[in-house]
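Visitor: below: sequence and its predicted model.
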Amino acid sequence: MVSRPIWQRLLEWAQTNPLTGAEPAGDLTDEGLVAQAIGDSVQADTLIAIEKARAANTLQLENARAENTLRLEEARAVRQFRMLALRGAIGLGALMLVLAAALYVINKAGDLKLSFPPIGTSALSVIGAALSAGLAWWGRRAHSRRRAARTSAGSPPENRAEGDQDPVATP
């Protein structure tokens, strides 16, 4: 592809597209060419070839658009699959880390010299971990709800008398 300055392209465009609205080829519009082609079979064949070329070009453009759309959808599906695989790998890694930590804690809790058997210590460790995880989840949820209620401007006030901004008293 040859690169040309903008002014050359604009000059070429101005020469091929006059401001009068007439077509550059013989100063005839499409209707004028059709009227002239009715009497001349060679020109009619030329017009038919031009229309076939336009139709073929339109069909090629539609096919290219459809192909590009399919490529975009395939790329989007591949990207979504990769993101899902990455999230799954991160989740598996986190699960393995949590299990390793839980086994370490249970092992260390079993080594403690307590008055009840080691299985009881292990069970209490698992139950305590589950309770603390549940408490953390509940606290985070409550904090999110409180923060959302505080920041939302559209939430109605607790007391309707405070929210009544009508200065005219109703009888």
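Guide: Yep, it's here. Numbering: from 1, shown residues only.
Visitor: what's the pLDDT at the residue of the chain most remote from its centre?
Guide: In terms of distance from the mean C-alpha position of the chain, Ser115 ranks first, at 59.1 Å (Cα atoms, centre = their mean). As predicted, Ser115 sits at a pLDDT of 76.
Visitor: can you tell me the SS state at it?
Guide: In three-state terms, and counting by DSSP: H, G, I helix; E, B strand; the rest coil, Ser115 is coil.
Visitor: for it, what are its contacts?
Guide: Applying Cβ atoms under 8 Å, 6 or more residues apart in numbering to Ser115 gives no contacts. All C-beta atoms are positioned from the backbone trio N, CA, C, and that covers glycine.
Visitor: that one and Leu10, how far apart?
Guide: 95 Å (Cβ to Cβ, to the nearest Å).
Visitor: Asn57 now?
Guide: Counting by Cβ to Cβ, the gap from Asn57 to Leu10 is 25 Å.
Visitor: which SSE is Met96 in?
Guide: helix 41-110 (DSSP states H and E).
Visitor: packing partners of the following helix or strand past that helix?
Guide: Per DSSP H and E, the first helix or strand lying C-terminal to helix 41-110 is helix 118-151. Helices and strands touching helix 118-151, by 3 or more Cβ pairs under 8 Å, 6 or more residues apart in numbering; DSSP states H and E, are helix 41-110.
Visitor: contacting residues around the closest residue in space to Ser122 that isn't next to it in sequence?
Guide: Spatial nearest neighbour of Ser122, excluding adjacent residues (Cβ to Cβ, 6 or more residues apart in numbering): Ile106 at 4.7 Å. Ile106 makes contacts with 122, 125-126, as judged by Cβ under 8 Å, 6+ apart.
Visitor: for those residues, which one is nearest Asp40?
Guide: Val126 (95.0 Å; Cβ to Cβ).
Visitor: which pLDDT does the model give the closest one?
Guide: pLDDT, Val126: 84.
Visitor: wait, it touches Ala102, no?
Guide: Yes. Here Val126 reaches Ala102: they are 7.2 Å apart, a contact under Cβ atoms under 8 Å.
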